[in-house]
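*Asks:* this one's structure only:
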DNA sequence: AACCTTGGTGTTTTT
DNA sequence: CACCAAGGTT
């Protein structure tokens, strides 16, 4: 391969140094991905076996992309490189060897919600007041301990105050519950792998010999336990290449230790260092702005990023009176750009500090009819119906997992109530068996009555599935899911308990889960070409537990992307908007008042990451007031905007002197048309709400169609709220009690137009095969497509998720 | 046992 | 404001 043609001298050096420790300091946009992929390709080219390479990436998406790119260059062998994230790598290792640590290889992986549930139960059990011992805080202490590899015993010996002693007690108890449930939380995946290696030298030796060459991307965001993991593996051959940029370290809150990258040369004295300082991504104006901002941080590795792309346009800054105005501006600006063909939709991103900011932006995009995808927020996998089905699958895989058993034992309702369940719990505890075991032998539970039969039926259904899977009766995971849903009559349950739209929504989500399983099978077959069997249920559940929000974002669609600054790491867009540039929001209140200067510096690094996502055009916006915590907050313009030299800025507001008061407000040109406003609660809470500014959403089509479930009480009174006083419309405030659709539908809400099939078309679906489009229903919030499949019969699919190809 | 209402409370960012 | 948990009602 003649690589010098494709690489600059520094990149070339980084590619060629295959032996020994190497630190690549890769500034933003400096062609890092290019270097990594060429490096791996080169290694294979000079005869290093792909089998001996381990590459750790930050997201699964990045892993997939890297594999694809290497494949494009070398054309073979890329599939036997082990490319994945820290968490997935560790999960995979643990599935093989965790029995050495006393766990069972069918362990469940608990997400944050699960951990919270465990902690709440513990507090209740020990009569501790959640106000005195906030579960969130305790869990975060536990998490930090795990990331620093501090055991409950060690923490106990540090603990001086009563509070700390209680926390150490809870830490110990929490670990016990997880162990008893045969469950691991995210931190355990890393921690236990390190423990495994330390305790079992032969296992470690095995992996050391396998992974002779190790590459870690985004090294600035590794934490102590990840460092330990890498060090253990790399210590024999020391062919460790780490790539990172200390200026882009943004995960301190989850234990990332910036010293890992700053001290790399100390830890590996023979290390070579290569600096990549030419930025190929951004215009000079954008890069200079980023450099100016980050220069305010102290204690960084000195580097000067430069670009040869020319000045480009200036950085736009606008301040608005409210966050609503801000959102409308962004939507309007995007609309104009796309219409004038200045930008393609999938080359535009809107970035924000907190997920809740996505709400108003979403409304604005809907109003301007701009197709968008929101990354993150309410995760697909945290939807009720998905969690239910997954809880079944997890129970089938791991019967010791009491948490998941509790979730589904009476869902769908099968007449097992709280009272009888309490007795089963008691019985399980007294006999030191799992809850599932107790249910299976429910007839032995004293004074339990009729519920015993129901319990036994439930447990034996689960066992039947387990046995049939073990005997290889199912060819593919989607079949397990489909049959499970039939068996427990989940569809009927949904249809009985929800109105038509909601039921459709949930059923479509379940179909989407089946599609995901089918996609997983496909991916697995590609990555394991020699495998005779498909992936196991555990492997699928693994994958599901460890997906990042960004992993699911399909960047090829003709939609703009909206996400947090954190999620945007590693991505690039031609046009970038960063909204909410306000002191108090970004940087956040806490980092401003914190006396630890690290906090504000991390926010600044986040700003740096955000700015450097932009290739050609960057727009920063701020609002003078926005609603937060139920109150209007008035924030001044972010210091990060003020740190950008004024000659780089295009702004019709003069704010160099840097206080918000001096800035004239933008006049609104977005007079509302009478349909505007806040959110209705969904039915489960059912209380009345004030809709600031107008008729409830029903008339915008955002509410689920059809009549409200509860009686709608709509009192319209003149609006007196001052927030919209600039807008000359006849505003009303409405108090309604209604069955409403929460606006939080994310993951790429669709807008009409991006569907490329019509009634009568013959289409192909990844799992259900071929079929004919019978009906396209876009009367409600989302568009549903009814399809008659040749093999699977009629199904209703949600167009937001379903990818159908017209044949 | 299931549904509805009320009240209390919390504040980034994510695997 | 929005979420969640506890208590009250059918």
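*Replies:* Here it is on my side, so go on. The structure displayed is predicted, hence computed values, not measured ones. Numbers count the residues shown, from 1 in each chain, chains lettered A, B, ... in the order given.
*Asks:* C-alpha only now, for contacts and for neighbours.
*Replies:* Noted.
*Asks:* residue numbers of the stretch 451-600 of chain A in contact with DNA strand C?
*Replies:* Applying Cα under 7 Å from any atom of the strand, we find that the stretch 451-600 of chain A lies next to DNA strand C at no residue.
*Asks:* most distant residue from the middle of chain A?
*Replies:* For chain A, the C-alpha lying farthest from the average C-alpha position belongs to residue A:447; by Cα atoms, centre = their mean, that distance is 46.0 Å.
*Asks:* mind telling me what element that residue is part of?
*Replies:* Assigned by DSSP states H and E, residue A:447 belongs to no helix or strand.
*Asks:* that one and DNA strand B, how far apart?
*Replies:* Going from residue A:447 to DNA strand B by Cα to the nearest atom of the strand, to the nearest Å gives 13 Å.
*Asks:* again, but for residue A:86
*Replies:* Using Cα to the nearest atom of the strand, residue A:86 is found at 7 Å from DNA strand B.
*Asks:* can you find the residue of chain A that comes nearest to DNA strand C?
*Replies:* Closest contact between chain A and DNA strand C, by Cα to the nearest atom of the strand, is at residue A:630 (3.5 Å).
*Asks:* contacting residues for that residue?
*Replies:* Contacts for residue A:630 were tallied using Cα atoms under 8 Å, 6 or more residues apart in numbering; there are none.
*Asks:* in stretch A:369-379, what counts as buried?
*Replies:* Neighbour counts over stretch A:369-379 (16 or more other Cα atoms under 10 Å) mark A:370-377 as buried.
*Asks:* same check, this time on stretch A:65-81
*Replies:* In stretch A:65-81, counting by 16+ other Cα under 10 Å, buried: A:66-67, A:69-71, A:73-74, A:78-81.
*Asks:* what mean pLDDT does the helix or strand hosting residue A:39 have?
*Replies:* Here residue A:39 sits within helix A:32-45, counting by DSSP H and E. Mean per-residue pLDDT for helix A:32-45: 92.
*Asks:* circling back: tabulate the buried residues of stretch A:369-379 in CSV, adding columns for pLDDT and secondary structure.
*Replies:* CSV is the format used below for those (pLDDT from 0 to 100; DSSP: H, G, I helix; E, B strand; the rest coil):
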residue, pLDDT, secondary structure
A:370, 90, coil
A:371, 89, coil
A:372, 88, strand
A:373, 87, strand
A:374, 87, strand
A:375, 87, coil
A:376, 77, coil
A:377, 69, coil
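*Asks:* take the residues you listed and write them to CSV, including distance to residue A:142.
*Replies:* Below are those laid out as CSV (distance: Cα to Cα, whole Å):
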residue, distance to residue A:142
A:370, 43
A:371, 41
A:372, 37
A:373, 34
A:374, 31
A:375, 28
A:376, 25
A:377, 24
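*Asks:* near DNA strand B, which residues of the stretch 151-300 of chain A are found?
*Replies:* Proximity of the stretch 151-300 of chain A to DNA strand B is confined to A:186-187, A:251, A:253-254 under the rule Cα under 7 Å from any atom of the strand.
*Asks:* ChimeraX command for the buried members of these?
*Replies:* Typed into ChimeraX, the line below selects the buried ones among these, using 16+ other Cα under 10 Å:
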select /A:186,187,251
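*Asks:* may I ask which two of the buried residues of stretch A:65-81 are separated the most?
*Replies:* Pairwise distances across those (Cα to Cα) peak at 14.8 Å, for the pair A:73 and A:80.
*Asks:* do the strand ranked longest in chain A and DNA strand C meet?
*Replies:* Identified as the longest strand of chain A according to DSSP state E is strand A:614-628. Yes. Strand A:614-628 reaches DNA strand C (Cα under 7 Å from any atom of the strand) through A:627-628.
*Asks:* of the residues of the stretch 151-300 of chain A next to DNA strand B, closest to residue A:273?
*Replies:* Distances from residue A:273 to those, taken by Cα to Cα, are shortest for residue A:251, at 23.4 Å.
*Asks:* quick check: phi and psi on the closest one?
*Replies:* phi -120, psi 40 (degrees, to the nearest 10).
*Asks:* could you measure the closest residue to it other than its chain neighbours against residue A:255, distance?
*Replies:* Leaving aside its sequence neighbours, residue A:251 sits nearest to residue A:221 (Cα to Cα, 6 or more residues apart in numbering; 5.9 Å). Per Cα to Cα, to the nearest Å, residue A:221 is found 8 Å from residue A:255.
*Asks:* residue A:133 too?
*Replies:* Separation of residue A:133 from residue A:255 (Cα to Cα): 22 Å.
*Asks:* does DNA strand C sit close to the helix or strand residue A:336 falls within?
*Replies:* Here residue A:336 sits within helix A:323-339, counting by DSSP H and E. No. Against DNA strand C, helix A:323-339 shows no contacts by Cα under 7 Å from any atom of the strand, the least distance being 13.1 Å.
*Asks:* residues of whichever helix or strand comes after that helix that come out buried?
*Replies:* Where DSSP H and E defines the elements, the next helix or strand beyond helix A:323-339 is strand A:348-352. Residues A:348-352 are the ones in strand A:348-352 that count as buried (16+ other Cα under 10 Å).
*Asks:* related to what we said a few turns ago, so residue A:133 and residue A:255 - more neighbours on which side?
*Replies:* The residue with more neighbours, out of residue A:133 and residue A:255, is residue A:255; 19 against 16, by other Cα atoms under 10 Å.
*Asks:* so where's chain A uncertain?
*Replies:* Counting by pLDDT under 70, the ranges of chain A that qualify are A:377-379, A:499, A:501, A:653-755, A:778-782, A:800-801.
*Asks:* where do the strands sit along the stretch 1-150 of chain A?
*Replies:* A:22-26, A:53-57, A:82-85, A:108-110 (DSSP state E, counting those that start in this stretch).
*Asks:* okay, the angle between the second one and helix A:32-45?
*Replies:* Compare the direction of strand A:53-57 with that of helix A:32-45 by axes from the mean of the first three to the mean of the last three Cα atoms, to 10 degrees and you get 170 degrees.
*Asks:* do strand A:53-57 and DNA strand B meet?
*Replies:* No. Strand A:53-57 does not reach DNA strand B (Cα under 7 Å from any atom of the strand); its nearest approach is 9.9 Å.
*Asks:* picking that back up, ok, the residue farthest from the centre of chain A to residue A:612 distance?
*Replies:* 67 Å.
*Asks:* can you check residue A:117 too?
*Replies:* From residue A:117 over to residue A:612 (counting by Cα to Cα), the distance is 39 Å.
*Asks:* so which of these two has more stuff around it?
*Replies:* Neighbour count, other Cα under 10 Å: between residue A:117 and residue A:612, residue A:612 has more, with 30 against 13.
*Asks:* and residue A:261, which helix or strand is it part of?
*Replies:* helix A:259-262.
*Asks:* which bits of the stretch 201-350 of chain A sit near DNA strand C?
*Replies:* Looking at DNA strand C, no residue of the stretch 201-350 of chain A is close enough under Cα under 7 Å from any atom of the strand.
*Asks:* just the strands in the stretch 201-350 of chain A please.
*Replies:* Secondary structure of the stretch 201-350 of chain A by DSSP E, counting those that start in this stretch: the strands cover A:213-216, A:240-244, A:272-276, A:278-279, A:306-307, A:315-322, A:348-352.
*Asks:* follow-up on the earlier one: dump the strands of the stretch 1-150 of chain A into JSON lines; add mean neighbour count and distance to DNA strand C as well.
*Replies:* Formatted as JSON lines, the strands of the stretch 1-150 of chain A follow (neighbours: other Cα atoms under 10 Å; distance: least, Cα to the nearest atom of the strand, whole Å):
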{"stretch": "strand A:22-26", "mean neighbour count": "25", "distance to DNA strand C": "39"}
{"stretch": "strand A:53-57", "mean neighbour count": "23", "distance to DNA strand C": "30"}
{"stretch": "strand A:82-85", "mean neighbour count": "22", "distance to DNA strand C": "27"}
{"stretch": "strand A:108-110", "mean neighbour count": "23", "distance to DNA strand C": "16"}
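*Asks:* rebuild those as JSON lines, extending it with distance to residue A:774.
*Replies:* Putting those into JSON lines (distance: least, Cα to Cα, whole Å) gives the following:
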{"stretch": "strand A:22-26", "distance to residue A:774": "52"}
{"stretch": "strand A:53-57", "distance to residue A:774": "43"}
{"stretch": "strand A:82-85", "distance to residue A:774": "41"}
{"stretch": "strand A:108-110", "distance to residue A:774": "40"}
